[in-house]
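Participant: sequence unknown, structure follows:
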DNA sequence: ACTAACAGTTCGTATGTAGCGAAGTATTCT
DNA sequence: AGAATACTTCGCTACATACGAACTGTTAGT
């Protein structure tokens, strides 16, 4: 095993440790979320796609159009999504996150930010620069990852720098 | 605004960008999970506590004991948790994650690890050392955070590094 | 203009889960 | 022995997901 492999293994292990630490935190929003998993999946899909047609959304969710209608009805009722007629084809309904829906997903996805900020506040100037440098190089690599995102497993074991 | 504040704001923003990137990934396990949110909450609680008594678990979940019995029944039926009589008090049932339950939670919490590994594989030796150093200092800060974990919001916007 | 295809909604049906309180059973404590 | 405790079962309610069939409105093709 090379030094590189050791370093990578070490990084992966510390990453894993941190992820578990956060997942187990009672402040994890999963502990207070008042949605069902299919609803959360829907909101995440909308977050990824922006505006999407009903047909596409039901296909992406893997359910029938009739089921999707009911689900969107309930999300609309909660004010988390909006539904509009497509300007180019009046048969089509375009669905997207509402402001509150976007806020909820953002808070959910970026959970832990306050704790992270607190930790950054306590770093020395040098360490802070190291972290900033590290983040900069990793965000570039993550966002520009040439592999199709089907090969990895993602979730709120969301790795970051 | 000081240079430190700028650095911190920059880190938080790149962090947020990465977290959204991963959350939107179709490989996010939230898109394929066949559990309900209360079930997932239960599993995460068990992950945090190890072995826990039925009464404690129902209190932590904020539901009645009768409800918790049903929920644990269904998780036992899925092979994700085990239930045993407490050796010190035969009235008490101790519940804990089974092997498969532990695997599922680990995979869930550390989702994205494969993509992360791929990215690390492509870093230069110098950059890899930077990331390792950064991880080392942050994991220490995260795990030893003196603040009670009630003040922050956590989830799979799980910051790392 | 007419017809077929398409997108979405409504309706009826089925299933599963969460949630409760009351009653029952087994165990522990006084 | 009796009271308190921990859990389970039962009966009930509510909600959400999921489906296919039928329906309505719109678009595209002839």
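Facilitator: Thanks, I have the structure now. In this text the structure is predicted, and so the values were computed from the model without any measurement.
Participant: Helix or strand: which one has the residue nearest to residue A:102 when sequence neighbours are not counted?
Facilitator: Using C-beta to C-beta, 6 or more residues apart in numbering or on different chains and skipping residues adjacent in sequence, the residue nearest residue A:102 is residue A:47, 7.4 Å away. C-beta: built from backbone N, CA, C; applies to glycine. According to DSSP states H and E, residue A:47 maps onto helix A:37-49.
Participant: what pLDDT, on average, does that helix get?
Facilitator: Average pLDDT, helix A:37-49: 96.
Participant: what is the orientation angle of that helix with helix B:37-49?
Facilitator: Here the directions of helix A:37-49 and helix B:37-49 differ by 90 degrees (axes from the mean of the first three to the mean of the last three C-alpha atoms, to 10 degrees).
Participant: Break down chain A into its strands, ranges please.
Facilitator: Counting by DSSP state E, one finds strands in chain A at the ranges A:52-53, A:81-86, A:89-97.
Participant: So which of the ones you listed is the most surrounded?
Facilitator: Highest mean neighbour count among those (mean count of other C-beta atoms under 10 Å in any protein chain shown): strand A:52-53, with a mean of 18.
Participant: Pull the residues that contact that one.
Facilitator: For strand A:52-53, contacts defined as C-beta atoms under 8 Å, 6 or more residues apart in numbering or on different chains pick out A:45-46, A:60, A:86, A:92-96.
Participant: if you set the cut-off to 10 Å instead, what comes out?
Facilitator: A:42, A:45-46, A:58-60, A:86, A:89, A:91-96 (C-beta atoms under 10 Å, 6 or more residues apart in numbering or on different chains).
Participant: Also stretch A:63-70?
Facilitator: Stretch A:63-70 has contacts (C-beta under 10 Å, 6+ apart) with A:38, A:42, A:54-61, A:71, A:83, A:93, A:95.
Participant: coming back round to it: and the helix holding residue A:47, does that touch DNA strand D?
Facilitator: Yes: Helix A:37-49 reaches DNA strand D (C-beta under 7 Å from any atom of the strand) through A:38-39.
Participant: near DNA strand C, which residues of chain A?
Facilitator: So chain A meets DNA strand C at A:53-55, A:58, A:65-66, A:68-70, A:72-73, A:83, A:89, A:91-93 (C-beta under 7 Å from any atom of the strand).
Participant: quick one: which two of the residues you listed are the most distant?
Facilitator: Farthest pair in the residues of chain A next to DNA strand C (C-beta to C-beta) is A:70 and A:89. Separation: 22.5 Å.
Participant: if we can go back for a sec, can you list the strands of chain A in TSV and add mean pLDDT?
Facilitator: Listed next are those as TSV, based on pLDDT from 0 to 100:
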stretch	mean pLDDT
strand A:52-53	97
strand A:81-86	96
strand A:89-97	97
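Participant: For residue A:30, which of the ones you listed is the nearest?
Facilitator: With distances scored as C-beta to C-beta, the stretch of the strands of chain A nearest to residue A:30 is strand A:89-97 (19.2 Å).
Participant: contacting residues for residue A:57?
Facilitator: By C-beta under 10 Å, 6+ apart, the residues touching residue A:57 are A:42, A:45-46, A:49, A:63, A:65, A:68, A:71-72, A:81, A:93-95.
Participant: and residue A:31, how many residues sit next to it?
Facilitator: Counted with other C-beta atoms under 10 Å in any protein chain shown, residues neighbouring residue A:31 total 18.
Participant: any idea how far it lies from residue B:44?
Facilitator: 7 Å (C-beta to C-beta, to the nearest Å).
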